[in-house]
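In: show me the folded form of this:
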Amino acid sequence: MKLLVQSDDYGITKAVSLGIIEGIRNGIVRNTGLFANMPWAEECVELIRPYLDQIDFGIDLNASTGPSLLGYEKVPGLCHENGMFLTSKENRALDTEENGHDHVNYDEIFAEFDAQVQRFIELTGKTPDYIHGHAYGTKTTFRAYEAIAEKYDRPVTTKIIDEKIVSNFSMAHYRFGNEMQAQLQDDLKERILSADEAFMKGETGFIISHCGYIDAALFGLSSFTVYRPMDLAALTDPEVKEWVKRNQVELIRYRDLVNA
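Out: Prediction:
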């Protein structure tokens, strides 16, 4: 069995980034995507640079967390006057029946995403290994993802997963409660160790995670807080690594599916 293990949100904060690196160094994470819009993105890229030959390093195109790279004057529909993106909750509140549940201006979202890819190239010296969308999404944002992928000739994760993935853990292990107690119930390790026969017989499996450590900055940016060290603990757990070895699981990257 081949297994693609992805940890989202690299660069959302410094602590999250260090946790994802731990998931790469001492765990089974082989794919992660950069938040290129964050003020500490350059520092985070330097931290992960020694591990880039071991992983696929994509980009998490983002229009709901942190600052816009273009700012309010250029993309007023995406952010507040201080340049901070509207949150997912704020965006969804603007998506009404009258506007087809999609208030996003295509030209603005494409321009912002393009700026994020350009920032990624500036920081890494290469194009992203894949294009992935973060959190809030509409038909317009998905159209922009695909246009960006076409412009830079990069694969889009949703298309690869739809076409190539047979067995999908997706995000079913999350309880989707903001309360700490709910997030402490994250059971990714147990889901892996008790993977059912259908999952194990699949030619290719997919696990999406949000590994990381916690710092103060995270609480102002994401409702996914305690989930992150819980996911990290699961994907670096000796029993999980032994499960991979015992079941002869091949840990793969997106490039392995694109080239298959």
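In: what segments of the stretch 1-150 of the chain are strands?
Out: 2-10, 31-34, 56-61, 131-133 (DSSP state E, counting those that start in this stretch).
In: what's the pLDDT at the residue lying farthest from the centre of the chain?
Out: When each C-alpha in the chain is compared with the mean C-alpha position (Cα atoms, centre = their mean), residue 98 comes out farthest, at 30.5 Å. According to the per-residue confidence, residue 98 scores 91 in pLDDT.
In: just use 33 as the starting number from now, easier for me
Out: OK, 33 is where the count begins now, so the last one is residue 130.
In: pLDDT weak spots in the stretch 83-232 of the chain?
Out: 198, 201-210, 229-230 (pLDDT under 70).
In: quick one: the helices in it?
Out: Taking DSSP state H, counting those that start in this stretch as the test, the helices found in the stretch 83-232 of the chain are 120-126, 138-156, 171-184, 189-196, 212-215, 220-225, 229-233.
In: any chance of those helices in CSV with mean neighbour count as columns?
Out: Any C-beta I mention is one placed from the backbone N, CA and C, and that applies to glycine too. Written out in CSV, the entries for these read as follows (neighbours: other Cβ atoms under 10 Å):
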stretch, mean neighbour count
helix 120-126, 14
helix 138-156, 19
helix 171-184, 17
helix 189-196, 16
helix 212-215, 13
helix 220-225, 18
helix 229-233, 12
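In: out of those, which is closest to residue 111?
Out: Set against residue 111 and scored by Cβ to Cβ, the helices of the stretch 83-232 of the chain come closest in helix 138-156, at 8.8 Å.
In: which secondary structure elements does the closest one sit against?
Out: With contacts defined as 3 or more Cβ pairs under 8 Å, 6 or more residues apart in numbering; DSSP states H and E, helix 138-156 has these neighbours: strand 63-66, helix 73-80, strand 88-93, helix 171-184.
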